[in-house]
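# Here is a sequence with its predicted model. Questions after.
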Amino acid sequence: MSCFSARLCKVLLLLSVLGGCAPTIDLRGNQPLPDNLAQIQPGKVTKSDVVALIGTPASTSTFGDERWYYISSKVKTFAFFKPEEIERHVVEISFDRSGMVSSMRNLGLEDGKAISMTPGETPTAGKDLTFLEQLIGNVGKFNKPDKDRAQGP
């Protein structure tokens, strides 16, 4: 094998390894088409019309005013690192009591809020037992097998 062939093999191997490290972009969720969103006009479109135009929502409001959310995002994953959300689109559609669209908003990644979890535990009623107390407390609590069940049919 010539020196040129060895170098060519090394270059091809390096390129194939680097090509395998390219980030992958995943599209997640349901992003309604802009033409369909343009047809949703407050005061003129009902819930059933919205479902016919852009489908069922990804999420709905739990309390208060009735709102539907259509959520889509673009996520970049590079090798074994944690995935990173690089783009998010949220269409929020609010309805009045009669089921007509009252407003529509488009939200992005910058409109989101980071929520941090509060460390701690929920207190429960009862007594905290040590491992040894739990082990000793179970002694004698098990039923002895019945003669009829032990012998079988």
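Okay, I see it. Numbering: from 1, shown residues only.
# by contact count, what packs against the helix or strand hosting residue 102?
In this assignment (DSSP states H and E), residue 102 forms part of strand 101-108. Packing partners of strand 101-108 (3 or more CB pairs under 8 Å, 6 or more residues apart in numbering; DSSP states H and E): strand 84-95. Quick note: C-beta positions are derived from backbone N, CA and C, even for glycine.
# which of the residues in the strand it packs on are buried?
Neighbour counts over strand 84-95 (16 or more other CB atoms under 10 Å) mark 88-93, 95 as buried.
# just how off-centre is that strand within its chain?
Mean C-alpha position of strand 84-95 versus that of the full chain (CA atoms, centre = their mean, to the nearest Å) differs by 13 Å.
# and of the buried residues of strand 84-95, the nearest to residue 71?
Nearest to residue 71 out of these is residue 90 (CB to CB; 5.2 Å).
# What sits closest to the closest one if chain neighbours are left out?
residue 107 (4.1 Å; CB to CB, 6 or more residues apart in numbering).
# Tell me the spacing between that neighbour and residue 55.
Distance of residue 107 to residue 55, computed by CB to CB, to the nearest Å: 18 Å.
# quick one, what contacts residue 101?
Residues near residue 101 by CB atoms under 8 Å, 6 or more residues apart in numbering: 40-46, 50, 93-95.
# So for the longest helix seen in the chain, what gets flagged as buried?
Assignment by DSSP state H gives helix 3-19 as the longest helix of the chain. For helix 3-19, the neighbour count (16+ other CB under 10 Å) marks no residue as buried.
# quick check, residue 27 in a strand?
Yes - counting by DSSP: H, G, I helix; E, B strand; the rest coil, one finds residue 27 located in a strand.
# re earlier: could you export the buried residues of strand 84-95 to CSV, including columns for distance to residue 101 and pLDDT?
Below are these laid out as CSV (distance: CB to CB, whole Å; pLDDT from 0 to 100):
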residue, distance to residue 101, pLDDT
88, 22, 91
89, 18, 92
90, 16, 92
91, 11, 93
92, 11, 93
93, 6, 93
95, 6, 93
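# residue contacts, residue 70?
Counting by CB under 8 Å, 6+ apart, residue 70 has contacts 29-32, 54-55, 57-58, 90-91, 93.
# Swap in 10 Å and give it another go.
29-32, 37, 50, 54-59, 89-93, 106 (CB atoms under 10 Å, 6 or more residues apart in numbering).
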